[in-house]
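Engineer: Dropping a prediction and its sequence here:
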Amino acid sequence: MAKSSPTKKAWRSLTWLGVIIVGLIALNGAGVLSGGGSWTPKLALDLEGGTQIILAPKLESGQTVSNEQLNQAVSIIRQRIDSAGVSESEINTQGGQNIVVSIPGTPDDATLNRIESSAKLEFRPVLVASAPTEASVGADGATDAATDAATAPETDAAADPAAETPAVAPTDASDLNNITPDLQAQFDSFQCSDIDTSNVAPADQPLITCESDGSIKYILGPVEVSGENISDATNGQVTTQSGATTGEWAVNIVFDRTGTKSFADVTTRLSGLEGAQNQFAIVLDGSVISAPRTLAVITDGKPQITGSFDQETSKALADQLKFGALPISFTVQSQDTISATLGSTQLQSGLIAGLIGLILVVLYSLVQYRLLGLVTVASLIVAGVITYLLITLLSWREGYRLSLAGVAGLIVAIGITADSFIVYFERVRDELRDGRGLVSSVESGWRRAIRTIIASDTVNFLAAAVLFILAVGNVRGFALTLGLTTLVDLLVVAMFTHPMLQLLARTKFFGEGHKLSGLDPRALGAVYRGRARFQPSAEVASRKPASSSKEAAKRQTIAERKAAELVGSGSSKSTDGKDS
Amino acid sequence: MASFNQFGNDLHTGKLSYNIVGRRKLWYTVAAVMILIAILGPVLRGGFTFGIEFTGGSEFVLSEISTEDQDAAATAVTGVVPEAVPKVSVVGSDSIRVQTDQLSDTESREVRAALASAYSVDAAQVTSSFIGPSWGQDITGSAIRALLTFLVLAGAVMALYFRTWKMAAAAMVALLHDLVITAGFYGITGFEITPAAVIGFLTILGYSLYDTVVVFDKIRENTSEDGPESRRTFADSVNLAVNQTLVRSINTSIVAVLPVASILVIGAFVLGAGTLQDISLALLIGMIVGTYSTIFIAAPLYAQLRENEPEIRKRDKKALALRAKATGTSSVAGTDATRADVPA
């Protein structure tokens, strides 16, 4: 048979599908070779176990943690972990005081820092900047005094009110009158190793601290803008005015209305000042991550923080800022490996159940659709292979981990994927019932089926996308699986099932409607009318064969016509009218 | 399966037709009764049972043990509290962590003693504490927000695709019906609602709408193709579409239910309560109810919503008149017609 255009198209689709699969395999292979990937997906906490980290709050004596604070901290920590990937961690409180974080795998220092650091961000004006004093080893008294000074300058106020009270009341945060003689003394003896990150000075007090690498020490004014006014934060590379990237990583902040206004006010004031006072310190958990000069007034509320960031640390800080600071500081109390909560029998049983389910589906398809059922089976296998590869890739690139619920979700997807084939096959059969040849039945059945499939898959995909973007925790993992299987379903039905049927329709076995093909027009109620041509029924034999695409769009009316003709053959005039 | 083929053929031509849309009052009554049971049942039973992921519970940690046999811990706990579903894991190299539902003080003491004797350690090596929920308010809150957003968006997408909000409304009512009944099933049987069950509910949400869209697409096709000369009323067209997609609905629900049922059987009878049972039970009920509600609630409701539009009324009148003129009797697609000779 000469290659007609549908045949060519069919082969092209199948080739592209092959290319996609080979591409996925190659990509995954590259991942394995580069060391990060694997041929099997990583498993989640419930199936593989992981690490249990117990976080204890850093409390002063007499201080207690409220339930509200704990829950808020749990919620923030969960968002921070979620933003690092889809790993289905388990976070809960323990004994009304600790927070237990269970995450799959072994966390590195970066992950631990992401979880435990409180990420309290403050913008303070610089009052004084100088080189740090040498650490005086052994001078215990001095060190202690310095620590107290850094952490709680206000407590000294009671002890020595004269020294603490400024000679002239400061007019604004940049006013050097903020520096009392007492503060100056503390500053002089302050050492950068003394910074206590958990206990930053109150927002309305000056702060003595250092650059995070200990290279410069500062006296900073009271807080001008704080992290609470951040509405969004992202990371990205710094670009020059011409748009070229400099390779330096930065955190881009977007302030809310209050933040934007205060930030504009501060930059206006600072840009008019000279020397150190022109600098603006960005303080994270008590140390200065950078203190840029204020070159221009920033009125749009979108400052950029640069410092010694790489891609990972800038992403971590952006996430921390976005989700807010922890209400209390925590410290890692213990870190232990933890075994799977479900054990290997559960996964095994799940897989066996899936296999049994799959075999039942195969049997049912064969009974229902005869050899056409094999197309279903082959399509399911192709869908399975692509899904497996995608999940393996996701677990490498995005940190996705397969939980037992995820496995169940994938098994359930068998049914939803098979539905596309059923919708399609039923449409083709409907066409055959109306007396169309198989080749054109496949084409017009497809045109109708794909509309339905796209519409219904859109709903499913929408569910997945919304849940993935808005939900947290386990729900996100589920949403990812659902979205993935929906996309794979569309891909397979369009690039495998339909082309296969196009090709099979041209074989003798299916084309002539063999009894076992599942597309036997006789069994479907059409009447044999010569070699591979059928007509719907005796009543419409005189009608011209339905073949134009306009006719295809009216297929439904054929069924109706038949019904109409049964009722009154005398009324053929009115039914004819519908043909035009 | 020639007979099933024949069944499909007859449904397609209208030779065989179930009057589903016409008997809507019956279906509404059935749905109302089921929903009532689904709401009253759990209330009478005393509400839903939530898993420890939602409520928090008790945690026991055994330290410095010599064996890492996890089953012994489970047996020890169920020996004291038979209905508990303990989660056992090994922590570090020589500790075992057991999490259970919230226990009373007496139960706690007994469980501690049982665990200590099961691992032949001193009772002092078993610590117990209260753990908070791992599925906290924040997850529930965000999931509900996501759900509402999805419903609004899905409603909008369906209204745009089908060019009528009435289809979206009918689909949403059917979806609500499915969720209430599935949730009610959990409440009545007393199965624990765990995160896995919630994920099952969310899957149903997608599945129910998905199924409705497939059938509605056929309805859209049928009703939009009815010309001015059609002898079918609007309700007849809807009914025909439901009948024509009946084979698809049956095949799809069987194919979808088979894997779920096999997970449920293995999960419940081989392994006992756990994630597999939780998720597959919600899915099994939801899928069956979801397919049912598309046919028996969404489609009749849609026909009812549209019936009173002036344009459709006018057309229905005309269709009925045409039909009466042609036959003298009044039925075509609505009942099993008089046709005898469909070639087999």
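Structural biologist: That came through fine. Residues are numbered from 1 along each chain as shown, chains lettered A, B, ... in the order given.

Engineer: Could you double-check that A:Thr260 lies in contact with A:Thr267?
Structural biologist: No: applying CB atoms under 8 Å as the test, A:Thr260 and A:Thr267 come out as separate, 10.8 Å apart. Just so you know, the C-beta spots here come from the backbone N, C-alpha and C atoms, and that holds for glycine as well.

Engineer: Wasn't A:Ala129 part of a helix?
Structural biologist: No: counting by DSSP: H, G, I helix; E, B strand; the rest coil, A:Ala129 is not part of a helix but strand.

Engineer: residue contacts, it?
Structural biologist: A:Ile216, A:Lys217, A:Tyr218, A:Ala276, A:Gln279, A:Ala291 (CB atoms under 8 Å, 6 or more residues apart in numbering or on different chains).

Engineer: gap between the residue lying closest to it once chain neighbours are set aside and chain B?
Structural biologist: Excluding the flanking residues, the one nearest A:Ala129 by CB to CB, 6 or more residues apart in numbering or on different chains is A:Ala276, at 4.3 Å. From A:Ala276 over to chain B the distance is 43 Å, taken as CB to the nearest CB, to the nearest Å.

Engineer: Surely A:Ala276 and A:Leu176 touch.
Structural biologist: No: using CB under 8 Å, A:Ala276 makes no contact with A:Leu176, being 9.9 Å away.

Engineer: Which of the two has more residues huddled nearby?
Structural biologist: A:Ala276 (19 against 14; other CB atoms under 10 Å in any protein chain shown).

Engineer: what's near enough to touch that one?
Structural biologist: By CB under 8 Å, 6+ apart, the contact list for A:Ala276 reads A:Val126, A:Leu127, A:Val128, A:Ala129.

Engineer: any idea which element A:Cys210 lies in?
Structural biologist: strand A:207-210 (DSSP states H and E).

Engineer: Tell me which other helices or strands that strand touches.
Structural biologist: helix A:140-151, helix A:181-189, strand A:217-220, strand A:287-290 (3 or more CB pairs under 8 Å, 6 or more residues apart in numbering or on different chains; DSSP states H and E).

Engineer: Give me the mean pLDDT for that strand.
Structural biologist: Regarding strand A:207-210, the rounded mean pLDDT is 82.

Engineer: for the residue nearest to A:Thr93 when sequence neighbours are not counted, phi and psi?
Structural biologist: Distances taken as CB to CB, 6+ apart place B:Gly132 nearest to A:Thr93, at 3.3 Å, with adjacent residues excluded. Note on B:Gly132: its backbone torsions stand at phi -80, psi 170 [degrees, to the nearest 10].

Engineer: Ok, A:Pro327 next?
Structural biologist: Here A:Pro327 shows phi and psi, under degrees, to the nearest 10, equal to phi -70, psi -20.

Engineer: one step back: got any residues that touch both of A:Ala276 and A:Leu176?
Structural biologist: In contact with both A:Ala276 and A:Leu176: A:Leu127, A:Val128, using CB under 8 Å, 6+ apart.

Engineer: Give me the most central residue, chain B.
Structural biologist: Central residue of chain B (CA atoms, centre = their mean): B:Gly286, 1.6 Å from the mean position.

Engineer: List the contacts of the residue of the stretch 101-250 of chain A found nearest chain B.
Structural biologist: Closest to chain B within the stretch 101-250 of chain A is A:Ser102: 8.4 Å, counting by CB to the nearest CB. Residues counted as contacts of A:Ser102 (CB under 8 Å, 6+ apart) are A:Leu45, A:Gly50, A:Thr51, A:Gln52, A:Ile53, A:Ser89, A:Glu90, A:Ile91, A:Ile338.

Engineer: on that earlier part again, for the contacts of A:Ala129, work out which two are farthest apart.
Structural biologist: Comparing all pairs in those by CB to CB, the longest separation belongs to A:Lys217 and A:Gln279, at 13.0 Å.

Engineer: So which bits of the helix or strand where B:Asp217 lies are buried?
Structural biologist: Per DSSP H and E: B:Asp217 is located in helix B:195-225. Within helix B:195-225, the residues that count as buried by 16 or more other CB atoms under 10 Å in any protein chain shown are B:195-223, B:225.

Engineer: tell me, which of the residues you listed make contact with chain A?
Structural biologist: Among those, the residues within reach of chain A (CB under 8 Å from any CB of the partner chain) are B:195-196, B:198-199, B:202-203, B:205-207, B:209-211, B:213-214, B:217-218, B:221-222, B:225.
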